[in-house]
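In: sequence first, then the predicted structure:
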Amino acid sequence: MVNDFSYIDENLRIIRERVGEAFGKYRKAGDSLRIMAVTKTVIPEAVNYAVSLGLDLLGENRVQEYLSKKDFYEKSAEVQFIGSLQTNKVKYIIDTVTMIQSVDSIRLAETISRLAVKNNKTIDILCEVNIGDEDSKGGISPCDTGDFIEQISQLDGILIRGLMTIPPPSDSDIFLGRMQELFNEVSEKKKSVVRMDTLSMGMTHDYADAIKYGSNIVRIGTGLFGARNYDIKK
């Protein structure tokens, strides 16, 4: 039986339309913006269909699942890691992802640095911020973000590109605004240490609002691929 992924065409049409409207309303010409296809529990055939439609940036949440799928992905797609990452799992992804968005501890940053140097490469990272200070989520406290960046900016093998967040689902508009303020503040204060150009925020339910507040990577899974219903290794 051949899978029918034509529903992705319509979902992507809607996403691109909404992204275009938000971009035209809130952003200026020359601003960068990428749509990331979040592939958690999505089978490789569906992911590759999305790639064939022009989506060239994939977001992976789980190391084991990624390892089970990566060899089946179209090679033209760039893969970034966006999920919670244990230090003992970094070695499995260091060679095949272009960015790790979820760096939220000195220990994790040091591990990425050590393995990047060992593998003769420099890897882009984002510092994950817990903008809502939620106990259920990882990420650096907003008030500690500047100091955190200062500390890890001295590490070899990593290049700090910016910030990532998952705001609380309620009042996300407020927290997206706070995240933009934090990004601008840290970028200005730490410009002698690091040049930040990436703000990753916005998912299926709030990506238009995230564009309003300066996001240049929006991470969309359910809105693109539908409800998660595939049996994929964790």
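Out: Nice, thanks for sending it over. The structure presented is a predicted model; accordingly, all values stated were derived computationally and were not measured.
In: make it CA atoms for all contacts and neighbour counts henceforth
Out: Fine.
In: chain center to the biggest helix by length in the chain, what's the gap?
Out: Counting by DSSP state H, the longest helix found in the chain is helix 6-26. How far helix 6-26 lies from its chain's middle: 19 Å, per Cα atoms, centre = their mean, to the nearest Å.
In: show the backbone phi and psi for residue 218.
Out: phi -110, psi 130 (degrees, to the nearest 10).
In: low-scoring stretches of this structure, by residue?
Out: Filtered on pLDDT under 70, the chain yields the residue ranges 1-2, 229-234.
In: going along the chain, name the strands of it.
Out: Applying DSSP state E to the chain gives strands spanning 34-38, 57-60, 78-81, 99-103, 123-129, 158-165, 198-200, 217-220.
In: who touches stretch 118-133?
Out: For stretch 118-133, the external contacting residues (Cα atoms under 8 Å, 6 or more residues apart in numbering) are 94-95, 98-104, 116, 137-142, 145, 149, 156-168, 175, 178-179, 198.
In: among these, which ones are buried?
Out: Buried by 16 or more other Cα atoms under 10 Å: 94, 98-104, 116, 137-142, 145, 149, 156-168, 175, 178-179, 198, out of the contacts of stretch 118-133.
In: before we move on, the earlier item: list the buried residues in the longest helix of the chain.
Out: Neighbour counts over helix 6-26 (16+ other Cα under 10 Å) mark 8, 11-12, 15, 19, 22-23 as buried.
In: quick one, what contacts residue 215?
Out: Counting by Cα under 8 Å, 6+ apart, residue 215 touches 33, 180, 198-202.
In: and with 10 Å instead?
Out: Neighbouring residues of residue 215 by Cα atoms under 10 Å, 6 or more residues apart in numbering: 31-34, 163-164, 176, 179-180, 198-202, 207-209.
In: cool, and residue 11?
Out: Residue 11 sits next to 17, 222-226 when contact means Cα under 10 Å, 6+ apart.
In: now those residues: which count as buried?
Out: Neighbour counting over those (16+ other Cα under 10 Å) leaves 222-225 as the buried ones.
In: circling back to that earlier point, what would the strands of the chain look like in CSV with distance to residue 68?
Out: Formatted as CSV, these follow (distance: least, Cα to Cα, whole Å):
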stretch, distance to residue 68
strand 34-38, 16
strand 57-60, 12
strand 78-81, 14
strand 99-103, 18
strand 123-129, 22
strand 158-165, 25
strand 198-200, 25
strand 217-220, 21
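In: can you say which of those strands is nearest to residue 67?
Out: Closest of these to residue 67 is strand 57-60, at 10.0 Å (criterion: Cα to Cα).
In: run me through the strand neighbours of the closest one, direction for each.
Out: Within its sheet, strand 57-60 is paired with strand 34-38 (parallel), strand 78-81 (parallel), according to DSSP bridges.
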